Each structure stands twice: as structure tokens, then as C-alpha cells.
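From the sequence below, what's the structure:
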Amino acid sequence: MEIASIETFRGGIPLHTPFKTALRTVTVAETIIVKIACEDGTVGWGEAPPTHVITGDSLASIQYAIESIFKPILIGESLNAREQLFEKVEESMVRNTSAKAAIDMALYDCIAQQANMPLHQFLGGYRERIETDYTVSVNRPEEMAQDARKYINNGFSVLKVKVGKDEIATDIKRIQAIRAEIGPDVLIRLDANQGWQAKEAVRAIGKMEDLGLTIELIEQPVNAHDFEGLKYVTQHTETPIMADESVFSPQDAKRILSMGAADLINIKLMKAGGIHQAMKIAKLAESYGVDCMVGSMIETKIGITAAAHFAASQPNITRYDFDAPLMLTGDMVNGGITYKDSRIELGKEPGLGIRSMNQSFIVE
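Sure, this is the predicted structure:
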């Protein structure tokens, strides 16, 4: 089955509430959508949002990479030689991981449809359904506590709380306010988005431990390139530490794992360059006995569907951060994963199960 055409579209969906982290504030989910059509009529979908502060990718750079670099080397190629396809994409450009991810997930969608299997089954089929957390954006402590209560009332039992934007004392007040509002039984994960220095992170986490705030894990407390600092925090705290922005590639993962610099790894398709490279990271982590989370940027249901299928396929991917479509005011596509409160159903349709695109959210 040969690739007949590759098209790109710019899309945008407003968020119903601004998404705030230590790195940025997002009000509209902008994205580049990829449509790969094969000669037999099979259609695969992918997407890539611009996340300048993490991947360095913009709408323009993503679209250029797909249209000018990947499209010429893929059209006319056979899906039967899929390892060659993924090799061509990876070697054709350095970095540009978001653009690579969009092409990668569209290719996997076509390949799994060719195999007549849902993508998660094609990749390994470890789980049939998963459960996402919900993110509490960084705001005033009282506002974050109210948001946390709302999400719990909406059926979520795991919260991912953003910190790292202000002084650590303020972050501790935020967690105290949330705990006071929702009680001790709800799982809380913290994401500092590189907002702390290593020694102050150790002091902050130690204070949270002494206060009995019961944090499940803390994600990326220090700068992405500060591997030694990440190791210092991991070695000097009891709370598990997760590497996120520090791990883009399998090479990054190997360094983190061999150093013992983190207890867990957060894999994102937009960092890894798609499922093909993400699978290598997951397998490498598994060889070290390390569990992974799969998360996302602010993506529409296209990207989250691909990420969810990948996450459900592997045994050591035990945590899921797929709430982005729930933050949007509409759906970019018909089909894909479905939500019931925090539970995600992957569906039984071949590939990603995406049937069509919603034209009302296409920008141009």
C-alpha cells in the first residue's frame, strides 16, 4: 500500500479556561493537522501543536518541515517497509520533533488500519482502557483549591498541579489550600515545569513531606539541561521525581536512567518525534525497571488519541496525562478516543478510529 498524498491544515480551538504553567499561558489550541492518503483510500491523521518554550517548534516550522522535507521523501513509498519510512523521517532533519510526531502518528494510523487492528493492539495491546488525571493551572491558592474541588466533583481522582511560577512558599500554600479542600485521599502530582533550582527544590519537597501533603510525584523540578541537578533532587528527597523536559530522545533517556537521575520518565510524542521513538524510550525504561507516564502538550483529540493508544499498549506506562481535549470548546475530528469522566475508551475501530475532520476549526 503506497502513500498517495500528504496534506496539511492549520487549526485552532479556543480553550474554555486559560491554561497556565510556569512557562506559558495558552488560550487557543493551535495546531498543524496532517492527512496522509494511501492509494487504496486509507486515510491516516496526525497533528502537531507549536510549543515554542519546550520543543522550539512553531506553526510555520512544523508546516514547512512536513510540506517541504517529509512530503517529497514519503509520497510513493510503501507502508510495507515501515521501518524505512520512520528511518527516513528521523534522518531527514535534526530536531523538529513535533513535525516528525505528526507524520509518525498519521503513518501509524494507516499501518494499523492496513493490519485491521486498533492502534493500541497493533503496538502491543496491554490495556483496553486508561484513566487520565486533570491539570490544575497555576493561580492564586484559593482559586486553585476551588478548581481542584470542581475537577474532583466532575469525576477525576488524580490531579496534576502546576507550580514553579512564584516563590516556593507560595507553591506550598497552593498545595496546602488544595489538600484542605479535597482531603487526603486524592492523588496529587506536582509539575514545576523547570521552575526551581536543585537545592531549593530539595528544601521545598522536604517541607511538603514534613507537612504531610502526600505528593505522589514531582515532575521536572529543575531546568531541562540540568541533569546533575535533577539527580541531586532525586537522591535527596523521598518523593519520586519524574523527568519530563529533560527527556526528548532515547539518548536522553539512556543518560537519565544510567545516572539514576529520575525515578520516572514522562514521554510525550511531541518531544520524542512520534510513537516510533517513544516506543524506544518506553522499552529502555522498562529494561531499567522504571515506569513511565505519557503526557501531551495542548493538543486536540487527534494527537491525544495517538498518545493514548501508544500509552495503553505498554506494561510499564502506568500514568496518563490526557486531559487536553477536555479543556477545549470543541472537537477537531469525529471519532477517536471517548471520555467518560476520567476514563478513556480507545475503541475497536482500526487505527486511531478517526472518521473525519471538523472543518469549522480549520483556520486556513
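
Using PDB, write out every CA atom in the top helix by length along the chain.
Scanning the chain for the helix with the most residues, using DSSP state H, yields helix 97-114. Taking Å, rounded to 0.1, in the frame of the first residue of the first chain, the C-alpha atoms of helix 97-114 are listed here in PDB:
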ATOM      1  CA  THR A  97      10.200  16.700  16.800                       C
ATOM      2  CA  SER A  98       6.600  18.000  16.600                       C
ATOM      3  CA  ALA A  99       6.500  17.800  12.800                       C
ATOM      4  CA  LYS A 100       8.000  14.300  13.000                       C
ATOM      5  CA  ALA A 101       5.400  13.300  15.500                       C
ATOM      6  CA  ALA A 102       2.500  14.400  13.300                       C
ATOM      7  CA  ILE A 103       3.800  12.400  10.300                       C
ATOM      8  CA  ASP A 104       4.600   9.400  12.600                       C
ATOM      9  CA  MET A 105       1.100   9.200  14.100                       C
ATOM     10  CA  ALA A 106      -0.500   9.500  10.600                       C
ATOM     11  CA  LEU A 107       1.700   6.700   9.300                       C
ATOM     12  CA  TYR A 108       0.900   4.500  12.300                       C
ATOM     13  CA  ASP A 109      -2.800   5.200  11.800                       C
ATOM     14  CA  CYS A 110      -2.600   3.900   8.200                       C
ATOM     15  CA  ILE A 111      -0.400   1.000   9.100                       C
ATOM     16  CA  ALA A 112      -2.800  -0.200  11.900                       C
ATOM     17  CA  GLN A 113      -5.700   0.200   9.500                       C
ATOM     18  CA  GLN A 114      -3.800  -2.000   7.000                       C
END
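
what pLDDT, on average, does it get?
Taken as a whole, helix 97-114 has a mean pLDDT of 98.

starting at the chain centroid, how far to it?
15 Å (C-alpha atoms, centre = their mean, to the nearest Å).

could you say what helices and strands it packs with?
strand 25-38, strand 43-48, helix 59-64, helix 82-92, helix 119-123, helix 269-272, helix 275-287, helix 301-313 (3 or more C-beta pairs under 8 Å, 6 or more residues apart in numbering; DSSP states H and E). Backbone N, C-alpha and C define where each C-beta goes, glycine included.

Could you check the angle that helix makes with helix 82-92?
With axes from the mean of the first three to the mean of the last three C-alpha atoms, to 10 degrees defining the directions, helix 97-114 sits at 170 degrees from helix 82-92.

now the angle from helix 97-114 to helix 301-313?
With the same axes, to 10 degrees applied, the angle from helix 97-114 to helix 301-313 works out at 70 degrees.

Next, the angle from helix 97-114 to strand 43-48.
160 degrees.

Which of the helices and strands packed on helix 97-114 sits closest to Met259?
Counting by C-beta to C-beta, Met259 lies closest to helix 275-287 out of the helices and strands packed on helix 97-114; the figure is 13.4 Å.

roughly how far is the following helix or strand past the closest one from the heart of the chain?
Sequence order places strand 292-294 as the next helix or strand after helix 275-287, per DSSP states H and E. Computed by C-alpha atoms, centre = their mean, the chain-centroid distance of strand 292-294 equals 8 Å.

Kindly report the same for stretch 215-223.
For stretch 215-223, the gap between its own C-alpha mean and the chain's C-alpha mean amounts to 16 Å (C-alpha atoms, centre = their mean).

With just CA atoms, put that stretch into CSV.
Provided in CSV are the C-alpha atoms of stretch 215-223 (Å, rounded to 0.1, in the frame of the first residue of the first chain):
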residue,chain,number,x,y,z
ILE,A,215,2.6,14.2,46.9
GLU,A,216,2.6,11.2,44.5
LEU,A,217,5.5,12.5,42.4
ILE,A,218,7.1,15.8,41.3
GLU,A,219,7.7,16.4,37.6
GLN,A,220,10.7,18.2,36.2
PRO,A,221,11.7,20.4,39.3
VAL,A,222,14.8,21.8,37.6
ASN,A,223,16.0,23.1,34.2
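
what does it contact?
158, 160, 164, 175, 187-198, 201, 205, 208-209, 229-230, 233, 237, 239-246, 263-264, 266 (C-beta atoms under 8 Å, 6 or more residues apart in numbering).

what do you get for stretch 253-268?
So stretch 253-268 is in contact with 217, 219-220, 227-228, 230-231, 234-235, 240-244, 246-247, 278, 281-282, 284-285, 288, 290-297, 307, 317, 319, 321, going by C-beta under 8 Å, 6+ apart.

what residues go with each domain of the chain?
Domain ranges of the chain: 3-116, 121-361, per automatic domain parsing.

Kindly present the ones you listed as JSON lines, with separate columns for mean neighbour count.
Output for the domains of the chain, formatted as JSON lines (neighbours: other C-beta atoms under 10 Å):
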{"stretch": "domain 3-116", "mean neighbour count": "19"}
{"stretch": "domain 121-361", "mean neighbour count": "20"}
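
Kindly present the helices and strands packed on helix 97-114 as a markdown table, with separate columns for mean pLDDT and distance to Phe19.
What follows is the helices and strands packed on helix 97-114, written out as a markdown table (pLDDT from 0 to 100; distance: least, C-beta to C-beta, whole Å):
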| stretch | mean pLDDT | distance to Phe19 |
| --- | --- | --- |
| strand 25-38 | 97 | 4 |
| strand 43-48 | 98 | 17 |
| helix 59-64 | 98 | 18 |
| helix 82-92 | 97 | 29 |
| helix 119-123 | 98 | 27 |
| helix 269-272 | 98 | 15 |
| helix 275-287 | 98 | 23 |
| helix 301-313 | 98 | 14 |
